[in-house]
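# test case, fold it:
(2 chains)
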Amino acid sequence: MCGIVGLYMKTPKYAGELGRLTAVMLHEMRERGPDSAGFAVYGEAQDDDKLVLLSTTGETDWTALTKSLTAATSIGAEARPIGDHAVLTIGGDGQTARRWLIENAPDVTVLSQGHTIEVFKGVGDPDAVAERFGLSGRTGTHAIAHTRMATESAVTTAGSHPFSTGADTCLVHNGSLSNHNRLREELRRHGETFQTENDSEVAAGYLAWRMRSGDSLDSALKTALRDLDGFYTFAIGTKDGFAVLRDPIACKPAVIAETDDWVAMSSEFRAIATLPDVAHAQIWEPAPAKIYSWNRAA
Amino acid sequence: MSDTLIKNSTLDLADLTVRDINSAIKSAESGSFTILNPNGVHALACGLMHPVEVTIKGHAGYYCAGMNKEADITVEGNAGTGLAENMMSGTVRVKGDASQSAGATAHGGLLIIEGDASARCGISLKGADIVVGGSVGHMSAFMAQAGRMVVLGDAGDALGDSIYEAKLYVRGKVASLGADCIEKEMRDQDICELSDLLTMAGMKADPKEFKRYGSARQLYNFKIDNIDAY
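As a prediction, the model looks like this:
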């Protein structure tokens, strides 16, 4: 069991409260996943690419690491540490920096990369994780968060959701995939890089691969229905978009609510019940194998 | 604590815990209660054993009205997974939609869902009646043993898979029938039965527009030659 929540602002009305509203939603889902938690916030787009890094030892020397990155790739970088994480603002190609760090910094996990996304995660009480990384004070266009009760891999910070393998793309998952080992190998042959043995990271990698190959999020989810085997309710974020997908058996719960100002999804309604103007929201249970998506750019 | 609550017919979850509310309602032998601010919390109005009336003003979470006996429970909103699970008697009415496994293993009583019910509605039904104003999701009435299910809208895939003696009435389209579930003739007695069920549920529909489904009784467990295997 896990708990997932997503909040996507259709208008700027509550953009300043994105973090606070997401933290309250996450709080409601902590019983579904007391092992660990994480969140992705899509803030204002920056000119520079940024990466969020996790130090798996908690002892990474961020200054030394950025120097090594710059020496090897000529990509300038500035690290801002937050707990065992650091946000790296870089002057260059984010994908190149990501790949170099995965290959050369064994005590570092790259949690996200992009112009808008920042991912933070940790083991333990979801409220404490949200507090540690200042979720409540964050602003932006959309956020996705997860509380985890681990089944397919160990309880570690790196194994916590959201998973992000492509630029400004992330995924949270309630369920378990049965063909993740084989699919991971196939995706590696297509050039995807993975940092854990987690099944949900493979789903994130799959979508990143499809979108890198030119698919829209909707097209990628359509082929995911064919290629991913297992149980899942996914919430997915892209730079401009948000989507929800359940497998055809639909054992894993989900509820969506929508007003003129926001779209929210959660494993259970009680997380959505906390949102402003929810009394006037349209509320429904997403149907099995049906893609629900919203996009600002469209 | 509960003496005060029993006299107080309005119970507000903004001030009280689910346990406070459930124990207060459960200890009452009669009376009516209104529950405010449910906000999707789980296990509201569960295990009631007396003819009390309960109105939940808003959306209920999982297992609402589970194991109900004799009580009349109304949810003025949607209900989460496992609504009226294992109900024994009484009436449960949901004005909105119900999530999966509504009325699972229910032995008796009447469950009315005015909106849609999602997957596995009436799974392993054991004698209760379920009337759904909208549509039901896939695998509804799976292994249903006894009781009746009426659907005014459509039914999803694999309706009545491995069904035993339960009777299903569907007005709209059935996406597909499950193993050993077949369409059956609408006899006069079925029209009468369906008409009564619709009246009990307060639903307006012409019984002649419905089709009846039930067991073909062709699976392994129906063959007398296999009795030694049990």
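# which residues of the chain score low on pLDDT?
Reading this off chain A. Applying pLDDT under 70 to chain A flags residues A:298.
# if you could check chain B rather than the one you did, that'd help
B:1-8.
# doesn't A:Met265 make contact with A:Ile256?
Yes. Using CB atoms under 8 Å, A:Ile256 is in contact with A:Met265, at 4.8 Å. Using the backbone N, CA and C atoms, a C-beta is placed for each residue, glycine as well.
# which one's more surrounded, the two?
Neighbour count, other CB atoms under 10 Å in any protein chain shown: between A:Ile256 and A:Met265, A:Met265 has more, with 27 against 19.
# tally of neighbours for the residue of the stretch 101-250 of chain A found nearest chain B?
Closest approach of the stretch 101-250 of chain A to chain B (CB to the nearest CB) occurs at A:Ala250, with a separation of 5.6 Å. Per other CB under 10 Å, the neighbour tally for A:Ala250 reads 25.
# ok, now B:Asn22?
19.
# what about the strand or helix carrying it, near chain A?
Element membership for B:Asn22 (DSSP states H and E) is helix B:18-27. No. On the criterion CB under 8 Å from any CB of the partner chain, helix B:18-27 is out of touch with chain A, staying 11.3 Å away.
# on that earlier part again, now for A:Ile256 and A:Met265: what residues contact both?
Taking CB atoms under 8 Å, 6 or more residues apart in numbering or on different chains as the criterion, A:Ile256 and A:Met265 both touch A:Val244, A:Pro286.
# list the buried residues of stretch A:64-83.
By 16 or more other CB atoms under 10 Å in any protein chain shown, the buried positions in stretch A:64-83 come out as A:Leu65, A:Thr66, A:Ser68, A:Leu69, A:Thr70, A:Thr73, A:Ile75, A:Ala77, A:Ala79.
# and of these, the nearest to A:Asp93?
Nearest to A:Asp93 among the buried residues of stretch A:64-83 is A:Ile75, at 7.0 Å by CB to CB.
# in contact with that closest one, which residues?
For A:Ile75, the contact set (CB under 8 Å, 6+ apart) comprises A:Leu69, A:Ile90, A:Gly91, A:Gly92, A:Asp93, A:Thr96, A:Ala97, A:Trp100.
# with B:Asn22 instead?
B:Asn22 touches B:Ala43, B:Leu44, B:Ala45, B:Cys46, B:Gly47, counting by CB under 8 Å, 6+ apart.
# what's the separation between it and B:Ala144?
Using CB to CB, to the nearest Å, B:Asn22 is found at 29 Å from B:Ala144.
# let's verify the residue lying farthest from the centre of chain A: helix, strand, or coil?
The outermost residue of chain A, judged against the average C-alpha position, is A:Ala71 (29.9 Å), by CA atoms, centre = their mean. Classification of A:Ala71 using DSSP: H, G, I helix; E, B strand; the rest coil returns helix.
# measure A:Lys121 to A:Ile249 for me?
Distance, A:Lys121 to A:Ile249, by CB to CB: 28 Å.
# between the two, who's got more neighbours?
The neighbour comparison of A:Lys121 against A:Ile249 (other CB under 10 Å) goes to A:Lys121, with 29 against 15.
# now do the SS call for that one.
Once three-state DSSP is applied, A:Lys121 turns out strand.
# and A:Ser293, bridged to which residues?
Following DSSP bridges, A:Ser293 is listed with bridge partners A:Ala243.
# scratch that, A:Lys50
Beta-bridge partners for A:Lys50, by DSSP bridges, are A:Thr89, A:Gly114.
# just checking, it touches A:Ala86?
No. Counting by CB under 8 Å, A:Lys50 stays clear of A:Ala86, with 10.4 Å between them.
# rewinding a little: can you give me the buried ones in the helix holding B:Asn22?
B:Val18, B:Ile21, B:Asn22, B:Ala24, B:Ile25, B:Lys26.
# pull the number of nearby residues for A:Asp227.
Close neighbours of A:Asp227, defined as other CB under 10 Å, add up to 13.
# list the contacts for residue 217?
Assuming you mean chain A. A:Leu217 neighbours (CB under 8 Å, 6+ apart): A:Leu207, A:Met211, A:Ile236, A:Thr238, A:Gly241, A:Ala243, A:Ser293, A:Asn295.
# hm, I was asking about chain B
B:Asp180.
# distance of it from B:Pro207?
Going from B:Arg217 to B:Pro207 by CB to CB gives 25 Å.
# and what of A:Ser178?
From A:Ser178 across to B:Pro207, the span is 45 Å (CB to CB).
# so for these two, which residue has more residues nearby?
Taking other CB under 10 Å, A:Ser178 and B:Pro207 do not tie; B:Pro207 has more neighbours (18 against 13).
# so the more buried one sits against B:Ile191, correct?
Yes. Between B:Pro207 and B:Ile191 there is a contact under CB under 8 Å: 4.8 Å.
# looking at the chain, which helix is longest?
As the question left the chain open, I've gone with chain A. Counting by DSSP state H, the longest helix found in chain A is helix A:199-212.
# switch to chain B, please.
Looking across chain B with DSSP H, the single longest helix is helix B:188-201.
# ranges for the strands of the stretch 101-250 of chain A?
Assigned by DSSP state E, counting those that start in this stretch, the stretch 101-250 of chain A shows strands spanning A:108-114, A:117-123, A:142-148, A:170-177, A:230-237, A:241-246.
# quick one: which of the ones you listed is nearest A:Ala271?
Within the strands of the stretch 101-250 of chain A, the stretch nearest A:Ala271 is strand A:142-148; the backing value is 9.5 Å (CB to CB).
# surely B:Val92 meets B:Leu110?
Yes. When contacts are counted by CB under 8 Å, B:Val92 is listed as touching B:Leu110 (7.5 Å).
# between those two, tell me which one has more neighbours.
Taking neighbours as other CB under 10 Å, B:Val92 and B:Leu110 compare with B:Val92 leading, 30 against 22.
# ok but the more buried one is inside a strand, no?
Yes. B:Val92 sits within a strand when classified using three-state DSSP.
# specify the beta-bridge partners of it.
B:Val92 has these beta-bridge partners by DSSP bridges: B:Ile73, B:Leu111.
# anything in stretch A:127-147 near chain B?
No. Judged by CB under 8 Å from any CB, stretch A:127-147 and chain B are separated, with a smallest distance of 15.9 Å.
# now that stretch: buried residues?
Buried residues in stretch A:127-147, counted by 16+ other CB under 10 Å: A:129-130, A:132-133, A:135, A:138-147.
# again, but for stretch A:180-187
A:His180, A:Leu183, A:Arg184, A:Glu186, A:Leu187.
# dump the residue contacts of the second one.
In this case it means A:Leu183. A:Leu177, A:Val202, A:Tyr206, A:Asp227, A:Leu228.
# check the last one too.
Contacts here follow CB under 8 Å, 6+ apart; on that basis A:Leu187 touches A:Phe194, A:Val202, A:Gly205, A:Tyr206, A:Trp209.
# I'd like these laid out as TSV, including neighbour count and distance to chain B.
Formatted as TSV, the contacts of A:Leu187 follow (neighbours: other CB atoms under 10 Å in any protein chain shown; distance: CB to the nearest CB, whole Å):
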residue	neighbour count	distance to chain B
A:Phe194	18	32
A:Val202	27	26
A:Gly205	26	29
A:Tyr206	26	25
A:Trp209	18	30
